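K.L.:
only geometry, no sequence info:
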């Protein structure tokens, strides 16, 4: 699958059988290298979301996904319970999209410092401050 991801003609993924195999690989593979190869190839957003949810995906692969599309991939990445607070903080500090900032504010493993950073971000929608306030308390959140 790594070879397919690195060298395949992008039109090969137009074949429904191949597309199904790529989607299943993204969802069920336990090989971080294969998942990284898929993430860096020309695959659909659906495949990228499956990679974001796959616990075998390496942190550098997840960071690459966020770089590709903050708006649609921040949510599945930040929902994961296996990521460290430090990793969530690294992701949060790279975000510029207002929807991505809001999604990151509900990450289960986000540290309070990260949540405060997101709440005070200039691009954060008002709902971010509400989410952060409900999670860590009104007395610790800076006024927007």
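P.N.:
Yep, that arrived. Source: prediction; values computed, not measured.
K.L.:
how far out from the middle of the chain is stretch 40-51?
P.N.:
For stretch 40-51, the distance from its own C-alpha centre to the chain's C-alpha centre is 12 Å (CA atoms, centre = their mean, to the nearest Å).
K.L.:
next, the distance between the ends of that stretch.
P.N.:
As for stretch 40-51, its first-to-last residue distance stands at 11 Å under the measure CA to CA, to the nearest Å.
K.L.:
buried ones in that stretch?
P.N.:
41, 43, 47-51 (16 or more other CB atoms under 10 Å). Backbone N, C-alpha and C define where each C-beta goes, glycine included.
K.L.:
low-confidence ranges in the protein?
P.N.:
1-13, 138-144 (pLDDT under 70).
K.L.:
ok, then the element right after whichever helix in it runs longest?
P.N.:
The helix spanning the most residues in the chain, taking DSSP state H as the definition, is helix 16-28. Once helix 16-28 ends, the next helix or strand along the chain (criterion: DSSP states H and E) is helix 32-39.
K.L.:
packing partners for that next one?
P.N.:
For helix 32-39, the packing partners by 3 or more CB pairs under 8 Å, 6 or more residues apart in numbering; DSSP states H and E come out as helix 2-7, helix 16-28, helix 45-53, helix 59-68.
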